[in-house]
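have a look at this prediction, sequence included:
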Amino acid sequence: MVAILRGVQIRIVIWLLIAGTFVFSGRVAQAQDSAAPEIVTTASLDGRTVGVRFNERLDPNSATNPANYRVSGGAVVSKATLRPDGSSMELVVSGLAGPSYTLTVNGVQDLSHNAATRSVDGLVQGLISEAIGQPVQAGSTFSCAPGSIEVKAGAGNIWTNADAFHFVRHVRTGDFDMAVQVARLSRVNQYTRGGLMVREDLTPGSRNFFVGTYPAGGINRWVSTVRFGTGGATTLAPGNSYVLRSPGFAYPNVWFRLKRVANTFTAYCGTNGVDWLQLGDQLTSVPPYPATVYLGVATTPSGSTVGRAATAQYLNFADWTELLGAERKSLRSRPAAATGLIPKAADESSSIVLTSNPSIAARRLIPAPATSGNHIP
């Protein structure tokens, strides 16, 4: 019997001896890897960095040479950093304009020194990564595919009268229905949180509406919080906004939606991106939120210890109707709605007028009983 792995051939020879006894002798031979690395995905978060993921681990010397990368439109690559996984790169660029680009890689080698010569198109997502308030330590963000966001969030919190957290957001005008999948959320403590947030402005005391949850091993709840007035206290949203997670709860099957229709906001959670449970009551703000707001993913370790950053991986950050369309069957093939979740289809909700946003282009899906209680997140 012969098994072939990438770069390795394993031959297992089975000999039949007396009395039906089997003796195994094995031989492992190194086969030459002659295939050059291939680009799996690329995207730019904000036009200042470009993320690239390859299909295998890279040779650090060639991978970190900026001269081996070229971005269309006259953009200049000034720095190339190999990420800890050994197969993805973050490129620092300048002069990248427009909603899309072509990345050409020439001379980047794998560990067997096969050199890649590849070109691939990418999307500039128009997202901004920043700290709100004064987290104890700086955070960071990496993206190498549309709607895919990896976050490291310094210590802080989304609570009391002023927030300190990591926000990856864009500006939205008018109505929206935004969704995201939380594929992974590390546990700094039981109150670490990640999810979707809409804010009136970027000051620490801004009015905001948040929907999210806690890590595995943390508080076993879906949660929605709100700050009704600028500089006011953050509280659980009115209604059933602090819901016990079902026994089948597990990452990466964690989804959220935030919807705005005029001045009314609605939060949802779910486990498959199709069936939804409304968290809390619909909120109509007084005074009304401005037409243009800040919308994105919010991550907080919920603590103040230096060195205790939370990490999160978000997928499929996009207008929900885009995700639902051609990918409905794919989404349906994922885990069904967990016990205790009440399915709520799109056509049961108020009509939605989606804002035209060229940075949020149509994309393919990225393959990754209610009770109340007293709690201060």
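Sure, I can see it.

so, low pLDDT: which residues of the stretch 101-250 of the chain?
Along the stretch 101-250 of the chain, no part satisfies pLDDT under 70.

strands of that one, start to end?
Under the criterion DSSP state E, counting those that start in this stretch, the stretch 101-250 of the chain contains strands at 115-123, 128-132, 140-145, 148-153, 165-173, 176-185, 193-199, 208-213, 221-227, 234-236, 242-244.

okay if I get those as TSV plus distance to residue 291 and mean neighbour count?
(C-beta placed from N, C-alpha, C; glycine too.) Shown next, in TSV, are those (distance: least, CB to CB, whole Å; neighbours: other CB atoms under 10 Å):
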stretch	distance to residue 291	mean neighbour count
strand 115-123	26	16
strand 128-132	19	19
strand 140-145	27	22
strand 148-153	25	24
strand 165-173	5	22
strand 176-185	11	24
strand 193-199	13	26
strand 208-213	16	27
strand 221-227	19	25
strand 234-236	24	18
strand 242-244	30	20
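
adding distance to residue 88, write the ones you listed out as CSV.
Formatted as CSV, these follow (distance: least, CB to CB, whole Å):
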stretch, distance to residue 88
strand 115-123, 14
strand 128-132, 17
strand 140-145, 6
strand 148-153, 9
strand 165-173, 18
strand 176-185, 15
strand 193-199, 21
strand 208-213, 26
strand 221-227, 31
strand 234-236, 35
strand 242-244, 35
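
and residue 86, which of those strands is closest to it?
strand 140-145 (13.8 Å; CB to CB).

out of the strands of the stretch 101-250 of the chain, nearest to residue 267?
So among the strands of the stretch 101-250 of the chain, strand 208-213 is nearest, using CB to CB, at 3.7 Å.

list of residues touching the closest one?
Strand 208-213 has contacts (CB atoms under 8 Å, 6 or more residues apart in numbering) with 158, 163, 182, 185, 193-200, 221-227, 234, 237, 245, 254, 256-258, 265, 267-269, 279, 283, 298.

skipping its backbone neighbours, what lies nearest the residue nearest the centre of the chain in space?
Note on the chain: the residue nearest the mean C-alpha position is residue 314, at 1.3 Å, using CA atoms, centre = their mean. Leaving out its chain neighbours, the residue that sits closest to residue 314 by CB to CB, 6 or more residues apart in numbering is residue 149, at 4.3 Å.

what's the spacing between the helix or strand harbouring the residue nearest to the centre of the chain and its chain's center?
Per DSSP states H and E, residue 314 falls inside strand 310-319. Chain-centre distance of strand 310-319: 2 Å, with CA atoms, centre = their mean, to the nearest Å.

can you list contacts of that strand?
146-153, 168, 176-186, 188, 192, 194, 252, 273, 296-297, 299-301, 323, 354, 357, 360, 363, 365-366, 368.

count the neighbours of residue 233 for me.
If you count neighbours by other CB atoms under 10 Å, residue 233 ends up with 11.

phi and psi next, for it.
Backbone torsions of residue 233, given as degrees, to the nearest 10, read phi -70, psi 150.

report the contact partners of it.
Each residue near residue 233 by CB under 8 Å, 6+ apart is listed here: 160-161, 227.

out of these, flag the one nearest to residue 308.
residue 160 (19.0 Å).

pass me the low-pLDDT residue ranges in the stretch 251-377 of the chain, would you?
For the stretch 251-377 of the chain (pLDDT under 70), the answer is 304-307, 326-377.

which residues in it form strands?
For the stretch 251-377 of the chain, the strands defined by DSSP E, counting those that start in this stretch cover 255-261, 264-270, 277-284, 292-300, 310-319.

tell me the angle of the third one relative to strand 255-261?
In this case it means strand 277-284. When axes from the mean of the first three to the mean of the last three CA atoms, to 10 degrees is applied, the directions of strand 277-284 and strand 255-261 differ by 30 degrees.

also the fourth one?
Strand 292-300 and strand 255-261 meet at an angle of 160 degrees, taking the same axes, to 10 degrees as the criterion.

what's strand 292-300 packed up against?
Contacts defined by 3 or more CB pairs under 8 Å, 6 or more residues apart in numbering; DSSP states H and E place strand 292-300 against strand 148-153, strand 165-173, strand 176-185, strand 193-199, strand 310-319.

how far does the second one sit from its chain's centre?
A distance of 13 Å separates the C-alpha centroid of strand 165-173 from that of its chain, computed with CA atoms, centre = their mean.

sheet partners, orientation included, of that strand?
Paired neighbours of strand 165-173 in the sheet (DSSP bridges): strand 128-132 (antiparallel), strand 292-300 (antiparallel).

what about the last one, distance to the chain center?
For strand 292-300, the gap between its own C-alpha mean and the chain's C-alpha mean amounts to 13 Å (CA atoms, centre = their mean).

okay, the angle between it and strand 148-153?
Per the same axes, to 10 degrees, the angle that strand 292-300 makes with strand 148-153 is 60 degrees.

just the first one next, same as before
Angle between the axes of strand 128-132 and strand 148-153 is 20 degrees (criterion: the same axes, to 10 degrees).

give me every residue that touches the closest residue to residue 167 other than its chain neighbours.
Leaving out its chain neighbours, the residue that sits closest to residue 167 by CB to CB, 6+ apart is residue 132, at 5.0 Å. Contact partners of residue 132, counting by CB under 8 Å, 6+ apart, are 163-167, 199, 202, 204.

now do the phi/psi pair for residue 67.
phi -70, psi -10.

what residues go with each domain of this protein?
Annotated domains of the chain cover 1-31, 39-123, 128-348 [automatic domain parsing].
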